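>>> return a 3D structure for these sequence lines:
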Amino acid sequence: MFKSGTTPGGVAETVAVDPVLLAGQPNAVDFFFDTSAQATDYLATQFGPYPFASTGAIADNATYQGRPLGFSLETQTRPVYSAVRSSTTIAHELAHQWFGDSVSVADWRHIWLNEGFASYAEYLWLDHLGTRTLQRSFDLDYGRAATSSFWRVVVADPQRDTMFAQAVYRRGAMTLHALRGKVGDDAFFAILRTWAAEHRFGHGTTEQFIALSERVSGLDLGPFFQTWLYTPAKPTSW
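Numbers count the residues shown, from 1 in each chain. The predicted structure follows:
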């Protein structure tokens, strides 16, 4: 089933939902349409103008050997969902339109620039909805024990087998929240918007992001990023 229109902010939108999903969730089309519209417009206020001509969603009853796949993909302009997902997942996948699809990574070492940023969009979205504060989201992720293997992944240079480890997503998001606290709101959002604008339809690296953060904030952030991105241990000060 299809639904087309525009977001309140004027971005063209199309949603398609597998009819099989409607049997259990008859409001799925409106849910995807409304949530995608709201998230697209909201994220544009945080990251800068939406980088493409249209937005939306494709929700499929995707299974493998009779079992749900259980994941989503940030395909350009219309993320693909393997079933009906939470609004937080929708915000995550739509954030990839800025960080992943418009600004791509130069190579896989820098994947946190996609997944950490999209995970931070979850923080922003939940705070926007009034569901959970930014600090609470950070605290929940940071609350992992220092002995957890989670902290042993080098986020800015994950290896093949840990490229999509939770640390790349969640420690990536924590890095951005900690950066916001370090440089202040104005500089932080200037960094995100400048990154999205200067690298639009191109590539980026961690080193370029660090250089931009220092340029915008006027601070020496080498030790900060060393702690958060390159040190395989739980940060205790930054």
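>>> per the record, what domains does the protein have?
Per the record, the chain has its domains at 2-97, 104-230, by automatic domain parsing.
>>> can you say which of these is nearest to S237?
domain 104-230 (7.7 Å; Cβ to Cβ). For every residue, glycine as well, the C-beta is placed using N, CA and C.
>>> what's the distance between the spatially most central residue of the chain and S137?
Centroid check for the chain by Cα atoms, centre = their mean gives A118 as the closest residue, at 0.5 Å. A118 sits 13 Å away from S137, going by Cβ to Cβ, to the nearest Å.
>>> before we move on, the earlier item: wouldn't the residue nearest to the centre of the chain be in contact with H92 here?
Yes. With contact defined as Cβ atoms under 8 Å, A118 and H92 form a contacting pair (4.7 Å).
>>> so where do the strands sit in this structure?
Ranges of strands within the chain are 2-6, 12-17, 54-59, 63-64, 67-68, 72-73, 80-81, 103-105, 202-204, based on DSSP state E.
>>> output stretch 12-28 as PDB, restricted to C-alpha atoms.
In PDB, the C-alpha atoms belonging to stretch 12-28 read as follows (Å, rounded to 0.1, in the frame of the first residue of the first chain):
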ATOM      1  CA  ALA A  12       8.200  15.200  -1.000                       C
ATOM      2  CA  GLU A  13       7.400  11.900   0.700                       C
ATOM      3  CA  THR A  14       6.400   8.400  -0.400                       C
ATOM      4  CA  VAL A  15       5.700   5.400   1.900                       C
ATOM      5  CA  ALA A  16       5.100   1.800   0.800                       C
ATOM      6  CA  VAL A  17       4.100  -0.900   3.200                       C
ATOM      7  CA  ASP A  18       3.800  -4.600   2.400                       C
ATOM      8  CA  PRO A  19       0.100  -5.500   2.700                       C
ATOM      9  CA  VAL A  20       1.000  -8.500   4.800                       C
ATOM     10  CA  LEU A  21       2.100  -6.200   7.600                       C
ATOM     11  CA  LEU A  22      -1.300  -4.400   7.600                       C
ATOM     12  CA  ALA A  23      -3.100  -7.500   8.800                       C
ATOM     13  CA  GLY A  24      -1.500  -7.100  12.200                       C
ATOM     14  CA  GLN A  25      -1.000  -3.300  12.200                       C
ATOM     15  CA  PRO A  26      -3.600  -1.600  10.000                       C
ATOM     16  CA  ASN A  27      -2.300   1.900  10.800                       C
ATOM     17  CA  ALA A  28       1.200   1.100   9.600                       C
END
